[in-house]
Each structure stands twice: as structure tokens, then as C-alpha cells.
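In: Following is a predicted model, sequence given first.
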Amino acid sequence: MQPTDALSDWPEWLTDWPMELAQSRFSAENHGDYPRWQAAIDAMPTAAQLSVGLPQLAAGAVGCSLGISENDSSGSTDAELLIKLEASLQALHPWRKGPFQFGSIFIDTEWRSDWKWNRLADAVGSLADQRILDIGSGNGYFGWRMLGAGAESVVGIDPTLVFCMQHRAVQCLLRHPNHWVLPLGIEEIPSTHAFDWVLSMGVLYHRKDPQEHIRQMYALTEAGGKCVMETLVVDGPASLYPEGRYARMRNISVIPSLAELQQWLVQAGYTNPQLIDLTPTTTEEQRSTPWMRFESLDKALDATNPSRTMEGWPAPLRAIIVAEKCSA
């Protein structure tokens, strides 16, 4: 099966994006595991072997139904094809955002991202005819949910190549013509084309200059459009600048207070920042699974006091804020 996010499928309204750079990163020169990941995708059952149902984008688990195609001449059984498909998808470990469901194959990802989406969905509402930019998109899970809410198209960017490869594998099955995930950073894309919605979910606290990140988001937001800022926050008056690690993560520059985060959004030019949700992260929402076998949140918390991280900082608390960009 061939993915649908090839350069030839790229929309004309984004022709000044660095597509040659993005395509060059799908290579062994960029990442030594690329040949293994691409081999896993190439080993997926072909369109001639599988009969794929309509994409299911609105339920918790994004996916589709599967069966044997009437054009299949391989003699494979349903079980054999599903074993082959599951092996290919498992080869793209770790799966962090999801879940996904392809026939009887349930990809139980590290994050129950559907819980996060449910907290946001009412604030988003209908996305009919809207163009979406998903910064730090991972494998594109939230993009699928935005398409399920009626979005015209979704572009995701994430510099982690395995997540882009996961999206390619999902696209082999769902075949949606208006969803892309590219191995690019926000600093590499031009602001000549703006989006109706700009998402930054789980990115801000990894940025060395979080205020610059918000300014970049603002430049990419259409006049009259909106942003979704989902991030770790501190429940208190002062932002947290952790020395060393936070919850075992090295690359944390700052975890803002709610007041400072809203101030940053306003300083960048956004208006009316609204707190949509404030929820502590639990080990039911973020955990190790057979599809994400590395250590997860439970190993990052104090074993005797789960309200603190193992370093003694407040345990993860996540906020979702929606803000607007005034019409021109």
C-alpha cells in the first residue's frame, strides 16, 4: 500500500512550504531506523488483499473495519492478514497518541487522547470548511478527530520521524486525501498561509522560548481564527522553572502558571483566552501498554506521594485554553 501524503498530493495553497526538506527526512540519512519502519509499512496487506471500510473518525478509537477483498488471490485467511497487519503496526512502536482500531486490532496507545479530545470537543464545535494546523501532532490522532468534526483539511508537523511513519501506516488504511503529517518544526514553516485553527497540544513546556512559540502560532493563525493551547501548568501564582528533570523529562524549560500562560497569549496578540479544562494527569490516562512498552507516568511519580513527581515537583496538571485572533 502507498500512503496518500506524497508531494504530488500536497495542496496548492501551501506550495511555499519546504516540502523537499520534509520529503528528504523520510530517509536512512535522516534516521537509521527509517528502512526498518518503511519495510514494516511495505509489508502491510495490500489493497488487493484487504477490504477497508469507511474511516471512523468521530468515535474514541479512530479506525475502520477490515475484511478480505474479493480480489484477493493470495489464499490468506482473515486471521493471517490481521496477524500480518498487526506485526507491521507493532514494528512502529512506540504508539503514544490514540487509540486506533483496525478491524479487531486495537492500538492501545500510551495516552488516552480521546479523553483529552472529549474535554475540548464542545469548545471546538463544528469545523466545517476549516483548515487546521496541528503543531507537535505526533501520529495525527487529533487531526483525525478534527476531520471527524468536519474540518476541510489538517496539516500536522512533528520532528519525530517514527510518528510521521505511524501516520503513513494509518493513511494506508484510511486513505484520507486531506490529512498530512510532516517531519518539520514550527520554525521551518512560512507564515505566508494562515489556518483557521492552530493546535499546540503537549508542546509548550518543551520549548526553550515558550513565548516565541506562541508568537509563531499567532503568525500562523488566520484573522478571526482560534488557537488551542494544551500544556502542563502550575496551580499557583508563580511559574515553575524546574532544575534538572521534571517527571523524568530532561527538556522542560518552564511550566507556566495559568495567569502567566494567559498573559503570554494576550501579549502575542490573541484575545479572550478561555480556560476550557484543567485536569490532573492520572496513570489511567497515561500509562505503558503493549503498544508503548517504555516506562510511563507511574514511574515518574513519587511512589509514596503521587501528588508529587519523583523529583519532588507538583504532579502533572494539564490545562486547555482556547484563544482568538481578531478579524482584520
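Out: Happy to help now that I have it.
In: So the residue nearest in space to the middle of the chain: helix, strand or coil?
Out: Taking CA atoms, centre = their mean, the centroid of the chain lies closest to Ser137, which sits 2.9 Å from it. Secondary structure for Ser137, judged by DSSP: H, G, I helix; E, B strand; the rest coil, is coil.
In: How about it: what's its closest non-neighbour residue?
Out: Gly156 (2.8 Å; CB to CB, 6 or more residues apart in numbering). Yep, even glycine has a C-beta here, placed from its N, CA and C like the rest.
In: same thing with Gly53?
Out: Leaving aside its sequence neighbours, Gly53 sits nearest to Ser65 (CB to CB, 6+ apart; 3.4 Å).
In: got a pLDDT number for that neighbour?
Out: As predicted, Ser65 sits at a pLDDT of 94.
In: hang on, isn't Trp264 packed against Val254?
Out: No - the pair Trp264 / Val254 is not scored as a contact, 10.2 Å apart, by CB atoms under 8 Å.
In: which residues do these two both contact?
Out: Common neighbours of Trp264 and Val254 are listed as Pro210 (criterion: CB atoms under 8 Å, 6 or more residues apart in numbering).
In: shouldn't Tyr270 be in contact with Ala219?
Out: No - judged on CB under 8 Å, Tyr270 makes no contact with Ala219 at a distance of 11.5 Å.
In: more neighbours, the two?
Out: Tyr270 (24 against 17; other CB atoms under 10 Å).
In: Return the residues in contact with the more buried one.
Out: Neighbours of Tyr270 in contact, by CB under 8 Å, 6+ apart: 214, 218, 221, 227, 323-325.
In: now do Gly156
Out: Residues near Gly156 by CB under 8 Å, 6+ apart: 133-135, 137-138, 140, 143, 167, 179-182.
In: Next: Ser74.
Out: Ser74 neighbours (CB under 8 Å, 6+ apart): Gln49.
In: By residue count, what's the longest strand in the protein?
Out: Longest strand of the chain, by residue count under DSSP state E: strand 221-232.
In: Report all helices and strands that that one contacts.
Out: helix 113-124, strand 195-201, helix 210-219, helix 258-268, strand 317-324 (3 or more CB pairs under 8 Å, 6 or more residues apart in numbering; DSSP states H and E).
In: Check the offset of it from the chain's centre.
Out: When distances are taken as CA atoms, centre = their mean, to the nearest Å, strand 221-232 is centred 15 Å away from the chain's centroid.
In: Check which strands are paired with it and give the direction for each one.
Out: Paired neighbours of strand 221-232 in the sheet (DSSP bridges): strand 195-201 (parallel), strand 317-324 (antiparallel).
In: what's the distance between Asp302 and Ala247?
Out: 10 Å (CB to CB, to the nearest Å).
In: Those two - which one has more neighbours?
Out: Between Asp302 and Ala247, Ala247 has the larger neighbour count (other CB under 10 Å), namely 21 against 14.
In: all helices for the chain, in order.
Out: Ranges of helices in the chain, per DSSP state H, are 19-24, 34-42, 78-90, 113-124, 141-148, 161-174, 210-219, 258-268.
In: low pLDDT regions in the stretch 51-200 of the chain?
Out: For the stretch 51-200 of the chain, applying pLDDT under 70 flags the ranges 71-73, 75.
In: rerun that using 80 as the cut-off
Out: 68-77 (pLDDT under 80).
In: returning to that earlier point: taking the strands paired with strand 221-232 together, which one is wrapped up most tightly?
Out: Neighbour counts (mean count of other CB atoms under 10 Å) averaged over each of the strands paired with strand 221-232 peak at strand 195-201, with a mean of 23.
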